[in-house]
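Novice: any chance you can model this:
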Amino acid sequence: MTIILNGKKKDVPDGITVIGLLGHLNIQHQRVAVERNGEIVKKADYAVTVLKDGDALEVVSFMGGG
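Specialist: Next up is the predicted model:
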């Protein structure tokens, strides 16, 4: 299936969850925020939120600094 990830089309396996997508992309889930179709996905829901064809996701990394 195809999703829109940070503004770009991305093919991902059918039935993938948010946590599965992050693993697929080698992204540590503890260091990001995920928005799906304009709504923030709670970290507690990453494992149970199944993505659908055409979903639009924004994945934002937290940056530290000083």
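Novice: may I ask you to confirm that Ile16 is in contact with Ala47?
Specialist: No: counting by C-beta atoms under 8 Å, Ala47 is not a contact partner of Ile16; they are 11.3 Å apart. C-betas here are computed from N, CA, C, even on glycine.
Novice: the two: who's more crowded?
Specialist: Ile16 (18 against 12; other C-beta atoms under 10 Å).
Novice: which residue ranges of the chain form helices?
Specialist: 18-24 (DSSP state H).
Novice: low-confidence bits of it, can you list those?
Specialist: Counting by pLDDT under 70, the chain shows low-confidence ranges at 63-66.
Novice: now do the strands in this structure.
Specialist: With DSSP state E applied, the chain shows strands at 2-5, 8-11, 32-36, 39-41, 56-61, listed in chain order.
Novice: direction included, what does the second one pair against?
Specialist: In its sheet, strand 8-11 lies beside strand 2-5 (antiparallel), with partners assigned from DSSP bridges.
Novice: buried residues in the partner strand?
Specialist: For strand 2-5, a neighbour-count test (16 or more other C-beta atoms under 10 Å) marks 3, 5 as buried.
Novice: cool, stretch 51-63 as well?
Specialist: Using 16+ other C-beta under 10 Å as the burial criterion, the residues of stretch 51-63 that qualify are 51, 55, 57-59.
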